[in-house]
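Here you go, sequence then predicted model.
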Amino acid sequence: MSAPVKTRVWGRIEASDPPALRFDYLKLCALAEELLASRCERFPQQIKEGSLSADAAALEIKAFEHLVQNWRFITLGEGKPAGIGADHVLRAALDASLDHIAEHAGAMRGFTETLGAKTEAIIALRWHLEPGRETLALARLTQQLRANARAAQPTKEPAQ
């Protein structure tokens, strides 16, 4: 007999805990980029229509830029992370996304396969931001250890 699947409720969405996609870093990085791109594409029209303020749009875009910056550092070792101390802002942005998804799924009377997969990945991004998870700190340590190892390698210059 297999153990029951542990679940957790994220806003109004119940999902497995821990999320199945939590270690699919490339997929999570790609999703963070997709979430940012979709906001950059949608928000100008929403501002023009008056359904979103320019200030709210700027704050949300900044949050998702930080999310992308962090995940590009975590996954690819590129650039610098957006900084420590903004996790609460990133958590709030992802929680708002999950609330929007729950409303959308409720209106559709369920999740499509695509929406379900996207939701699972957003939950995995959010899971990494829980207090006590040190994903970004561990990525910093990994990058530093790699830099130290590269620096310790003897140069392979030709003998004279």
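Looks like it arrived, so ask away.

From now on I want contacts and neighbour counts done on CA atoms only, so please keep to that.
Fine.

shaky segments in the chain?
Counting by pLDDT under 70, the chain shows low-confidence ranges at 1, 83-84, 157-160.

centroid residue for it?
For the chain, the residue nearest the mean C-alpha position is residue 125 (3.8 Å; C-alpha atoms, centre = their mean).

Roughly how far does it sit from residue 3?
Using C-alpha to C-alpha, to the nearest Å, residue 125 is found at 25 Å from residue 3.

Which residue is the nearest non-sequential neighbour of residue 90?
Spatial nearest neighbour of residue 90, excluding adjacent residues (C-alpha to C-alpha, 6 or more residues apart in numbering): residue 63 at 5.8 Å.

thinking residue 105 is in contact with residue 114, fair?
No: with contacts counted by C-alpha atoms under 8 Å, residue 105 stays clear of residue 114, the gap being 11.4 Å.

Between those two, which has more neighbouring residues?
Here residue 105 and residue 114 are compared on neighbour count by other C-alpha atoms under 10 Å; more neighbours surround residue 105, at 16 against 9.

Could I get the buried residue list for the one helix or strand the more buried one maps to?
Under the criterion DSSP states H and E, the helix or strand holding residue 105 is helix 87-108. Within helix 87-108, the residues that count as buried by 16 or more other C-alpha atoms under 10 Å are 87, 89-91, 93-95, 97-99, 101-102, 105.

Quick check: of these, which lies closest to residue 57?
Of all the buried residues of helix 87-108, the one with the least separation from residue 57 (C-alpha to C-alpha) is residue 93, at 11.3 Å.

which residues does that closest one contact?
When contacts are counted by C-alpha atoms under 8 Å, 6 or more residues apart in numbering, residue 93 is found next to 60, 63-64.

With residue 65 instead?
The contact partners of residue 65, by C-alpha under 8 Å, 6+ apart, come to residue 36.

Please report how far it lies from residue 20.
If you go by C-alpha to C-alpha, the gap between residue 65 and residue 20 works out to 24 Å.
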